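[1] What shape does this take:
(one chain, ligands or ions: 2)
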Amino acid sequence: MEGIATVVKNSGSGYLLSPLPEWAPFPAVVRGRLRLSVKGTTNPIAVGDKVRFTGGPDAGSAPAGQAGGNSDPAVITEVLPRTNYVIRRSTNLSRQAHIIASNIDMAFIAVSLYFPELKLPFLDRILVTCELYGIPATIVLTKTDLYREEAAEEMDHVRSIYEAAGYRVLETSVRTGEGIDALREACRDGINLFSGESGVGKSSLIKALDPSLDPKVGDISLAHLQGKHTTSLYEMYPLASGGYVVDSPGLRGFGLVDVEKDEIARYFPEMLKASAGCRFTPCTHTHEPGCAVKAALEDGTISRERYNSYLGMLEDDGKFR
Ligand code: GDP
Ligand code: ZN
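    Ligands and ions are numbered 1, 2, ... in the order given. Model prediction:
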């Protein structure tokens with residue numbers, strides 16, 4: 001057999017491929033060398049990759065179930081072009097990076113207003129990283145049962161900041177079931193990356209979407225993910241209601257990415273939009289006269305919080321993670 005399938009698991013020694021949308025994983029290997037498609041990365045194949053393969057499930061001549069029939073793994077011959085991908089450096093100092101997932105349709109960034117407390121600059125860095133990777137993002141405000149009554153105003157405030165910036169904000173609670181149907185609906189059609197700080201309720205959400213799934217990543221400490229063999233932790237799961245989930249523990253280490261200072265604002269969608277009206281190009285939107293971003297800040301179209309996050313990233317010299 002020959003065909004195209006999607007990588008759903010990297011087991012370390014090999015891969016599992018699935019002919020999505022049908023979920024029928026079968027083993028595959030790489031023989032010899034595949035050309036590294038992204039410079040500076042150690043793994044040529046990532047979960048989410050569409051690959052061309054030969055051999056595999058129907059290739060044997062013996063009838064199914066008989067020895068020698070279906071046991072040979074498929075051989076991956078080519079990785080098809082990616083629409084996007086997420087890179088993680090092996091260590092802070094390393095120049096080597098792993099592609100941990102690719103072809104993501106939506107990144108769901110789980111944050112909780114409290115427990116753990118939401119830090120907006122942290123969320124903004126994640127959102128900038130998603131923009132940088134070309135991955136659309138949705139914010140999921142988790143554990144609303146714990147603070148909806150006490151913090152209704154803060155919730156509205158956070159929602160309005162991110163909706164104004166162009167992001168969808170979902171509010172969920174696995175205790176009351178709030179928002180779970182909406183999340184399930186949003187996941188139905190594609191490959192969805194779930195990410196967020198440990199403890200925000202990511203695994204609980206995935207379990208609520210589909211009780212047959214139990215990612216248990218809450219127990220894996222980030223320290224274990226800094227090593228070389230992190231890619232085998234990435235796996236795609238099918239949701240019974242449709243769509244697929246890639247669980248990405250500890251998104252904090254997503255990208256130690258170098259971005260030029262005058263490029264950072266481009267990854268704030270609302271600033272990118274406003275900057276068309278700036279008198280100078282490039283404009284850092286800090287001191288330049290005739291800056292449309294600052295005008296939008298004054299009239300409230302751009303939020304003070306988002307702008308402050310932007311200034312923080314400028315101060316970090318564009319190096320962030
Ligand atoms: P993860 O580390 O992001 O995967 O977080 P977990 O799913 O393991 O959840 C961390 C803790 O928060 C656990 O004790 C969960 O029971 C709790 N939790 C998760 N979701 C909710 C929720 O919607 N409401 C409440 N009250 N607790 C939650
Ligand atoms: Zn400007």
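
[2] so after the longest strand along the chain, what's the next helix or strand?
    Longest strand in the chain, counting residues (DSSP state E): strand 2-10. Going down the chain from strand 2-10, the next helix or strand is strand 15-18, by DSSP states H and E.

[3] how about the residues of this protein that lie near ligand 2?
    C278, C283, H285, C291, V293 (CB under 5 Å from the ion). C-beta coordinates here come from the backbone N, C-alpha and C atoms, glycine included.

[4] which ones among those are found in helices?
    Assigned to helices by DSSP state H, the following of the residues of the chain next to ligand 2 qualify: V293.

[5] ok, of the residues of the chain next to ligand 2, which come out buried?
    C278, C283, H285, C291, V293 (16 or more other CB atoms under 10 Å).

[6] In terms of pLDDT, where does the second one sit?
    What that stands for is C283. pLDDT recorded at C283 is 94.

[7] these two touch, right, it and C291?
    Yes - using CB atoms under 8 Å, C283 is in contact with C291, at 5.7 Å.

[8] still on that earlier bit, so for the longest strand of the chain, what gets flagged as buried?
    A5, T6, V7, V8, K9, N10.

[9] and if you look at stretch 187-203?
    Of the residues in stretch 187-203, those buried (16+ other CB under 10 Å) are 187, 191-198, 200-203.

[10] measure that stretch end to end?
    Counting by CA to CA, to the nearest Å, you get 15 Å between the two ends of stretch 187-203.

[11] What mean pLDDT does that stretch get?
    91.

[12] picking that back up, just checking: which of the buried residues of stretch 187-203 also lie near ligand 1?
    G196, S198, V200, G201, K202, S203 (CB under 6 Å from any ligand atom).

[13] Can you report how many residues lie near M271?
    By other CB atoms under 10 Å, the residues close to M271 number 23.

[14] Can you show me the helices along the stretch 151-300 of the chain?
    With DSSP state H, counting those that start in this stretch as the criterion, the stretch 151-300 of the chain has helices at 152-164, 180-187, 202-209, 269-274, 292-298.

[15] isn't S112 right next to V140, touching?
    No - using CB under 8 Å, S112 is not in contact with V140, being 9.3 Å away.

[16] Give me the more crowded residue out of those two.
    Applying other CB under 10 Å to S112 and V140 shows that V140 carries more neighbours, namely 26 against 21.

[17] That one looks like it's in a strand, true?
    Yes - under DSSP: H, G, I helix; E, B strand; the rest coil, V140 sits within a strand.

[18] show me the contacts for it.
    F108, I109, A110, V111, V169, L170, E171, T172, G179, L183, G196, L205 (CB atoms under 8 Å, 6 or more residues apart in numbering).

[19] All set now, cheers.
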